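[1] How does the following fold in three dimensions:
(chains A, B and C)
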Amino acid sequence: MTSQRSHRLRNLGLHIVLLTTGTIFLLPFVWSLSTSLKPLSDLFQVTPSLIPSEVRWENYRDVFVTAPFGRFYMNTIFVTAMRTIGQVFIASMAAFAFSQLHFPGRDALFIVLLTGLMVPEQVLIIPRYVIMREFGWIDSYQGLIIPLMFSAFGAFLLRQFFLGIPRDFLEAAKLEGANPFQIYWQIYVPLARPALTAFGFLVVLWSWNEFLWALIVTNRTDTQVLSVGMALFQGEHFTNNAILLAAANLATFPLLVLFLFFQRQLVEGITLSGLK
Amino acid sequence: MVVASSLAQVRRRGRFGLTVQARSEARWGYFLVAPMMIGFAVFSLFALLASLVLSLTSWDVLSSPKWVGLDNYARLFSDDQFRTALRNTALITAPNVLFRMIFSLGLALALNTDIRFRSFYRVVFFMPVITMPVAIATIWKWLYDPAFGPINAFLARLGFPRPEWLANPGTAVIAVVIVLLWSGVGYDMIIFLAGLQSIPKEYYEAAQIDGAGSWRRFRDITLPLLTPTTFFLMVIAIISSLQVFDLVFIMTRFGAANRLPTVVYYVYEEGFRNFRMGYAITMAWALLALILVFTLLQFRLQRRWVHYA
Amino acid sequence: MTHNRSLQSLESCIASSRFSRRGLIRTSAAGLSAAMLATLPGGRLAGAQDTGYGGESVTLSYGLWDAAQKPGIDKQIAAFNQQFPNIKVEPTIVPFDDYWTKLQTGVAGGQTYDVFWMNAPNLPVFAAQSALLSIEPIVGDGGADPSKFPAALVESYTFDGTLYGIPRDFDTIALFYNTRLFDAAGVDYPTDAWGWEDLRVAAEKLTKDGGPWGFGCLISDQQNYFNFIKQNEGGLISDDFTTCLIDEPASCEALDYLTQFFTAGWTPSVSIMQANDPEQTLFPAGQIAMMPSGSWNARTFGEADPAIKVAPLPKGKQRACMIHGLANVIWAKSPNQGAALEWVKFLAGEEAERILGESATVIPAMQGLQEDWVASMPDLDLQVFLDAVEYSFPLPSPPSGPEWRDKIEAVLIEGWSGNFPAEELCTRAAAAANEALSS
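    This is a model prediction of the structure:
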């Protein structure tokens, strides 16, 4: 009885902490929703108010009038899907080899791969751009997708997860005569599903908002993605933040929906692993 | 167990190409990492090596690079601005990495229980990752506003002095770290949650049968089995934190970018604004060397605390 | 890298007109310009306008950074296609900061826009590195006529005696003020007779503790301190661009004049202005009574508050303000140079400039086409921006780029924040700028 009460009391305390800190996490989101409905005259306030003086839904319509938003959506979805499939597949295969197989030069290769994460991308874009020109990939989907399909981040993340999987599985399968690809595909991929889903989701998120490379490698509207298309709402001297945020909200809405679905994947197993 | 250790011996000899089995495993290994390594070689390694050559030149981006040998590297050691940028970056990185690990792990643990509104909280703490940078920048600029912001209004009511937050190098570090934490913990929380998910339930079942209490299960199963994830997040947090740029740049365009230039900010400014790309790349390589040392050190130290199955 | 001063001043002569300034020889006869053009290096005989375009189907990429101008540009393209149906122009808009990153990557990587926007500070940088194509083939009878554009701007787009672009628009600086705050404080509105002392006195009267403030002393050279230095007949940079002159006594005096606004609290502090962009919030929200600002802000301010009006900048030893404008330039390695020249020629012509004026976004640079812009905001006396051309100075732009200005700004931010003694302001600023100019 007492333990249950203290349990409930602890939960109450937790709720209070989560709710108060949570407010500040939600604030920019709430603000961007409310600003996106504001008329122009509301934008010149020194202290941004949370409630628009009048609700202007037309801002959302203006987004579609100003920019070929549908095209941007299609491009973003396609590019993101391709990059995600590529990254998850390529990175998980490499992660399996880096974590479970033995071959000369393995650890050296892995560290070399990680150096790709250690240089600010600003200094790499010019050489990369030259490669794109040589390949004739400027303004193409290949140029948007293929250079960003190789994720050292993903290989490292998944390697760590694979290392957490007991080796008994590997040894047993080996004795049964399975080849390493079969072991990867039939044992490690299913076992690492939470990690693969999480990684896949993070790739979608990153790819959806990726800006610098998409900016550099595309010029034409047919190949532009949402993050780059936001430029159509930014003036040099004045930007109507209401319309810009309406566009930004429209752009991020699919991510929010996706996250709602995705986070359910992280629920199972809780009854057992929970802190009680 | 016997089989496993003998296999390990075979493997060890495999390095010298002795056994058929080891040779086959090595072939598979190369085959499976090939797509990644080929892609990496073409799109990153080439660019990396090209930039290493460019770091030996004076290059204004628009015309052909001129060979200067090690001049850029020599300049690095006498450049006060670079030293300042390095110090700022370190000042941001240390607290950012430490608190980011603590908060995101805490959140993940709290939200991995059967607490009510769990899904709602997860969405809330993940929101900054999804929210557009312009909304983030605007709100935080307002929160930190020395004259009209709510933080200073609150401090003033309590009778405290009103700090100038982003405009003062000392407080700017704190302000920037808070925003970095705020925007990063949700991301790490997701990876920790996936890590918690990946712990085989059999361990908990076995422990429960043994009569282990919740604290013991946490200490003996959850924590050790989460160390591979923790290790990953720590390495990545240090790598990304030492390259911090975007958020600091956006949020403090006119303020702390002047007061609190980080290394990558300086790289960007020298390369693309001041037309000294050769030197900018040199600084990027110095940063790479630093990050590499940290990373190798962490890989060396992981044996002491990371628990692999 | 050396500037051929005599050729440059020749260019200025050609370009001078009623827009001329600083006692340059007025050459009113258009015929003289044409005759002199024939002697320009790289220039062709006047009237011989062989762009090399033969009517083939071409797609031109066109880079720019202001989304607000997209509708006007679409109209310009439509009008251009009436004449050249086979040249497809594809505009790409990239926000200002990213624009330069993308442009430099494109130039370095060997594939970039055929035609793109250029500003004065970057023109010499790109021109010195041979990244731009001379537009002299299209200057002359029936083509682009530099004499119809403000001389100061044409000078900005001339490097080493070669013309690389015809200005498309321009902006000058004037004093915006909020009549409601003036009425509340019982202060007379600024007039064109105002001097520095009038500004100072009014700012003091208009300031209340904790805001609103009388004056917005912007951390901006173009909108603020360069104007005051020029009004005091102070120097900015030597003609050969090797030395910063901001430590001349007259320049120091101007900076000291502005410093007192901070020490007396008549302007929001540096940190407040950094947290709240005066152009986007403080001034349009009625927290600042007077602020020097560019013509590009007229629309924003007018829409934000009808109580906002505009007057000329107060006079110092002389009237002075900065003038700047953009130009369309051509990438030197563009595979479509002929078509690019046709497009740039069209943009420098009357029809394109008229369309720009009708779009009421920026001031079209061609002389005589500004009425549409002035008429677009009848509540504001926009004529003050046109009158300012008469006494305007171009932003000095060395081939080493705008770094020296960034350095001055960084020093002023520190100085006006009170982080070092005010007397050191101009010597420190000049030293920082000189370091940038010499490296």
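[2] Count the residues that sit near residue 140.
    Looking at chain A here, since you left the chain open. Residues contacting A:Ser140 under the criterion other CB atoms under 10 Å in any protein chain shown number 17. (Glycine included, C-beta is placed from N, CA and C.)
[3] wrong one, chain C
    Residues lying near C:Gly140 (other CB under 10 Å) number 21.
[4] same check, this time on B:Arg100
    22.
[5] Just the local confidence number for the most centrally placed residue in chain B, please.
    Nearest residue to the geometric centre of chain B (CA atoms, centre = their mean): B:Ala237, 2.2 Å. Note for B:Ala237: predicted pLDDT of 96.
[6] number of nearby residues for the residue in the stretch 1-150 of chain B that chain C sits nearest to?
    Residue nearest to chain C within the stretch 1-150 of chain B (CB to the nearest CB): B:Leu62, separated by 3.7 Å. Using other CB under 10 Å, B:Leu62 has 19 neighbouring residues.
[7] element containing it, please.
    Using DSSP states H and E, B:Leu62 sits in no helix or strand.
[8] show me the contacts for it.
    The neighbourhood of B:Leu62, defined by CB atoms under 8 Å, 6 or more residues apart in numbering or on different chains, consists of B:275, C:104, C:107-108, C:125-126, C:129, C:131.
[9] give me that answer again for 7 Å
    C:104, C:107-108, C:126, C:129, C:131 (CB atoms under 7 Å, 6 or more residues apart in numbering or on different chains).
[10] For the residue nearest to the centre of chain B, give me its contacts.
    B:97, B:100-101.
[11] which among those gets closest to B:Asp79?
    Comparing these against B:Asp79 with CB to CB places B:Val97 closest, at 25.6 Å.
[12] Quickly find the element holding the closest one.
    Applying DSSP H and E as the criterion places B:Val97 in helix B:80-110.
[13] Need the residues that contact the helix or strand following that helix.
    The helix or strand immediately downstream of helix B:80-110 is helix B:118-130, counting by DSSP H and E. Contact with helix B:118-130 is made by A:18, A:22, A:25-26, A:28-29, A:205, A:252, A:255-256, A:259-260, A:263, B:107, B:111, B:136, B:182-183, B:185-187, B:189-190, as judged by CB under 7 Å, 6+ apart.
[14] From the contacts of B:Leu62, which one has the minimum pLDDT?
    Among these, C:Gln129 has the weakest pLDDT, 91.
[15] Leaving out the residues flanking it, which one is nearest to it?
    Distance criterion CB to CB, 6 or more residues apart in numbering or on different chains; nearest residue to C:Gln129, sequence neighbours excluded, is B:Leu62 at 3.7 Å.
[16] where does that neighbour land on pLDDT?
    Reported pLDDT for B:Leu62: 89.
[17] just B:Arg259 next, same as before
    pLDDT, read off for B:Arg259, is 69.
[18] re the thing from before, so which of the contacts of helix B:118-130 belong to helices?
    Mapping those onto helices (DSSP state H) picks out A:18, A:22, A:25-26, A:28-29, A:205, A:252, A:255-256, A:259-260, A:263, B:107, B:136, B:182-183, B:185-187, B:189-190.
[19] Shouldn't C:Tyr62 be within a strand?
    Yes - per DSSP: H, G, I helix; E, B strand; the rest coil, C:Tyr62 lies within a strand segment.
[20] returning to what we had before: could you report the distance from the residue nearest to the centre of chain B to B:Thr295?
    In this view, B:Ala237 and B:Thr295 are 12 Å apart by CB to CB, to the nearest Å.
[21] before we move on, what about A:Glu58?
    A:Glu58 sits 51 Å away from B:Thr295, going by CB to CB.
[22] Just want to know which of those two has more residues nearby.
    B:Thr295 (19 against 14).
[23] Skipping adjacent residues, who's closest to the more buried one in space?
    B:Val235 (5.9 Å).
[24] Likewise for C:Tyr157?
    Counting by CB to CB, 6+ apart, C:Tyr157 lies nearest to C:Gly165, which is 4.2 Å off, once chain neighbours are set aside.
[25] what is the spatially most central residue of chain C paired to in the beta sheet?
    Centroid-nearest residue in chain C: C:His324, 1.4 Å away (criterion: CA atoms, centre = their mean). For C:His324, the beta-bridge partners under DSSP bridges are C:Asp171.
[26] which ones are touching C:Phe262?
    Contacts of C:Phe262 by CB under 7 Å, 6+ apart are C:217, C:269, C:416.
[27] again, only this time at 8 Å
    C:217, C:269-270, C:416, C:418.
[28] That one sits in which helix or strand?
    Assigned by DSSP H and E, C:Phe262 belongs to helix C:249-263.
[29] can you tell me if the very next helix or strand once past that helix touches chain B.
    As assigned by DSSP H and E, the chain's next helix or strand after helix C:249-263 is helix C:270-275. Yes - under the criterion of CB under 8 Å from any CB of the partner chain, helix C:270-275 makes contact with chain B via C:270-275.
[30] What mean pLDDT does helix C:270-275 get?
    What helix C:270-275 shows for mean pLDDT is 87.
[31] What of stretch C:313-332?
    Across stretch C:313-332, the average pLDDT comes to 97.
[32] So for it, what gets flagged as buried?
    Residues of stretch C:313-332 classed as buried: C:313-316, C:319-332 (neighbour count, 16 or more other CB atoms under 10 Å in any protein chain shown).
[33] Of the residues you listed, which belong to strands?
    Residues of the buried residues of stretch C:313-332 located in strands (DSSP state E): C:321-323, C:327-330.
[34] Mind putting these into JSON lines with distance to chain A?
    JSON lines is the format used below for these (distance: CB to the nearest CB, whole Å):
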{"residue": "C:Cys321", "distance to chain A": "17"}
{"residue": "C:Met322", "distance to chain A": "15"}
{"residue": "C:Ile323", "distance to chain A": "16"}
{"residue": "C:Ala327", "distance to chain A": "15"}
{"residue": "C:Asn328", "distance to chain A": "15"}
{"residue": "C:Val329", "distance to chain A": "17"}
{"residue": "C:Ile330", "distance to chain A": "16"}
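[35] how close does the residue nearest to C:Gln129 sit to chain A?
    Counting by CB to the nearest CB, to the nearest Å, the gap from B:Leu62 to chain A is 11 Å.
[36] and the direction of whichever strand or helix holds the residue nearest to the centre of chain B versus that of helix B:80-110, what angle?
    Per DSSP H and E, B:Ala237 falls inside helix B:223-242. In terms of direction (axes from the mean of the first three to the mean of the last three CA atoms, to 10 degrees), helix B:223-242 departs from helix B:80-110 by 150 degrees.
[37] Tell me the helix or strand right after helix B:223-242.
    For helix B:223-242, the following helix or strand on the C-terminal side (DSSP H and E) is helix B:246-251.
[38] residues near the closest residue to C:Gln367 other than its chain neighbours, how many?
    Nearest in space to C:Gln367, with sequence neighbours left out and distances taken as CB to CB, 6+ apart, is C:Lys148 at 4.9 Å. C:Lys148 has 23 neighbouring residues, counting by other CB under 10 Å.
[39] where does the stretch 51-200 of chain B dip in pLDDT?
    Low-confidence segments of the stretch 51-200 of chain B (pLDDT under 70): none present.
[40] give me that answer again for 90
    Applying pLDDT under 90 to the stretch 51-200 of chain B picks out residues B:62-63, B:110-119, B:129-150, B:153, B:160-173, B:175-176, B:197-200.
[41] Can you tell me which residues in it are near chain C?
    Residues of the stretch 51-200 of chain B lying near chain C (CB under 8 Å from any CB): B:60-63, B:141-142, B:144-149, B:164-168.
[42] Which strand or helix spans B:Tyr266?
    helix B:263-268.
[43] Are there helices or strands packed against that helix, and which ones?
    helix B:80-110, helix B:246-251, helix B:277-305 (3 or more CB pairs under 8 Å, 6 or more residues apart in numbering or on different chains; DSSP states H and E).
[44] One more pass at 10 Å, please.
    Judged by 3 or more CB pairs under 10 Å, 6 or more residues apart in numbering or on different chains; DSSP states H and E, helix B:263-268 is in contact with helix B:80-110, helix B:246-251, helix B:256-259, helix B:277-305.
[45] Having no further points to raise, I will conclude here.
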